[in-house]
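# Show me the folded form of this:
(one chain, ligands or ions: 1)
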Amino acid sequence: DAVEFVFPEYCECGLQGRLVRLPGEVAYFCEHPECPWQLRRRIEHFASRNAMDIEGMGEKVVDQLVTLGFLKNIASVYELHQFRDKLIELERWGEKKVDNLLEAIEESKKRPLHRLIFGLGIRFIGEGAAKILAKHFKNLDNIMKASKEDLTSIYEIGEKMAESLVRFFTDPKELEIIEKLRAYGVNFEEKEEFVTIGKKLEGLTFVLTGELQSMTRNEAKAKIEQLGGKVSGSVSKKTSFVIAGANPGSKYSDAVKLGIKILNEEEFLELIGEEKPKDNFANKPESNTLFD
Ligand SMILES: [Zn+2]
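Numbering: from 1, shown residues only. Sure thing, here's the model as predicted:
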């Protein structure tokens with residue numbers, strides 16, 4: 001019989017660090033903060049395509065630069081230019097390769113905030129959660145200041161994620177790295193990526209109540225805003241439409257009392273010009289993290 005491969009639970013570093021995997025990542029990394037292998041994985045993750053997208057900074061390069069002592073943490077990526085002359089002397093490098101890498105590193109400072117959040121490698125925070133945090137808080141300082149309650153008040157952010165964020169942003173070692181990133185000019189702000197597509201819903205105010213099947217409430221809000229509409233938290237005479245999903249709350253009865261037009265999900269999708277998805281309509285929205 002074939003022997004089944006069992007993935008080791010602990011890292012080879014001998015520091016008794018458990019091997020874990022970041023959301024959206026293939027590679028495992030060691031949980032021990034002083035693990036030399038963890039450092040490689042974290043820098044690789046930081047530089048990866050969906051994070052800071054630093055071209056030329058793959059696994060082999062990170063491994064070499066950590067081994068030679070040029071990289072000590074994710075912030076030290078932005079100190080590499082100080083070693084330009086030494087890097088050029090390395091085997092299989094040379095001026096062109098070094099300058100291309102340094103240019104890619106410089107370029108990565110402009111990445112939008114959600115890529116930085118994802119790149120920091122915070123437990124339970126995958127790409128989806130990073131985008132939600134960036135969109136909601138607009139800059140890194142607001143996220144760093146947020147309490148567990150502030151964080152869990154966001155529809156998609158659960159307890160585990162909130163606790164992980166608070167733990168990360170109160171860890172002196174992480175804060176030191178973040179302050180270095182700031183000093184090196186890494187962008188901490190979310191630029192407006194969600195451009196208004198059209199003005200189809202301009203002048204209209206919407207109130208959402210209950211659960212929609214085809215999208216989360218934040219997604220519905222984003223769609224309305226993309227089309228020029230506004231979303232309000234309470235029903236008033238100024239409300240144009242109340243969109244009612246399953247198990248609507250008191251906003252539904254408020255709408256009835258005030259005679260506000262109520263749309264069901266299908267009518268809402270029709271209004272925004274989206275077809276009701278046929279196949280996976282009953283599926284719940286995808287979770288934000290593959291971790292755990
Ligand atoms: Zn380890």
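
# Quick check: buried residues in the helix or strand that contains residue 86?
For residue 86, the enclosing helix or strand under DSSP states H and E is helix 84-89. Within helix 84-89, the residues scored as buried using 16 or more other Cβ atoms under 10 Å are residue 87. In this view, the C-beta of every residue, glycine as well, is placed from N, C-alpha and C.

# Not counting sequence-adjacent ones, nearest residue to residue 65?
If you skip the residues right next to it in sequence, residue 65 has residue 71 as its closest partner in space, 4.5 Å away by Cβ to Cβ, 6 or more residues apart in numbering.

# in stretch 13-22, what counts as buried?
Applying 16+ other Cβ under 10 Å to stretch 13-22 flags 15, 17, 19, 20, 22 as buried.

# Who does the helix or strand that contains the fourth one pair with, and is each partner parallel or antiparallel?
Element membership of residue 20, judged by DSSP H and E, is strand 19-21. As defined by DSSP bridges, the strand partners of strand 19-21 come to strand 28-30 (antiparallel).

# just to revisit the earlier point, next secondary structure element downstream of the helix holding residue 86?
Downstream of helix 84-89, the next assigned helix or strand under DSSP H and E is helix 95-108.

# Contacts for the following helix or strand past that next one, please.
For helix 95-108, the succeeding helix or strand toward the C-terminus, using DSSP H and E, is helix 113-119. Helix 113-119 is touched from outside by 24, 45-48, 50-53, 74, 125-127, 130-131, 133-135, 138-140, 143, 181, 186-191, with contacts defined as Cβ atoms under 8 Å, 6 or more residues apart in numbering.

# does residue 246 have beta-bridge partners, and which?
The partner residues for residue 246, given DSSP bridges, come to residue 211.

# For it, grab the count of nearby residues.
10 (other Cβ atoms under 10 Å).

# can I assume it is in contact with residue 209?
No - the criterion here is Cβ atoms under 8 Å, and residue 246 misses it with residue 209 at 10.0 Å.

# mind listing what the closest residue to residue 177 other than its chain neighbours touches?
In space, and not counting its chain neighbours, residue 177 is closest to residue 75: 4.7 Å by Cβ to Cβ, 6+ apart. Taking Cβ under 8 Å, 6+ apart as the contact definition, residue 75 lies against 177, 180, 181, 184.

# just those now: which is nearest residue 229?
Checking those against residue 229 by Cβ to Cβ gives residue 181 as the nearest, at 36.5 Å.

# Buried residues in the helix or strand encompassing that closest one, which are they?
Assessed by DSSP H and E, residue 181 sits inside helix 172-183. For helix 172-183, the neighbour count (16+ other Cβ under 10 Å) marks 174, 177, 178, 180, 181 as buried.

# Report the spatially closest residue to the last one, excluding sequence-adjacent ones.
Closest residue in space to residue 181, ignoring its immediate chain neighbours: residue 75 at 5.3 Å, by Cβ to Cβ, 6+ apart.

# doesn't that neighbour fall inside a helix?
Yes - counting by DSSP: H, G, I helix; E, B strand; the rest coil, residue 75 is located in a helix.

# so what's it scoring on pLDDT?
For residue 75, the pLDDT comes out at 95.

# Same check on residue 215?
Note for residue 215: predicted pLDDT of 89.

# Point me to the helix or strand that includes the closest residue to the ion within the stretch 101-250 of the chain.
For the stretch 101-250 of the chain and the ion, the shortest gap (Cβ to the ion) falls at residue 121, measuring 14.5 Å. Assigned by DSSP H and E, residue 121 falls within no helix or strand.

# surely it meets residue 47?
No - Residue 121 lies out of contact with residue 47 (Cβ under 8 Å); the separation is 11.2 Å.

# Please say which of the two ends up with more neighbours.
Taking other Cβ under 10 Å, residue 121 and residue 47 do not tie; residue 47 has more neighbours (25 against 22).
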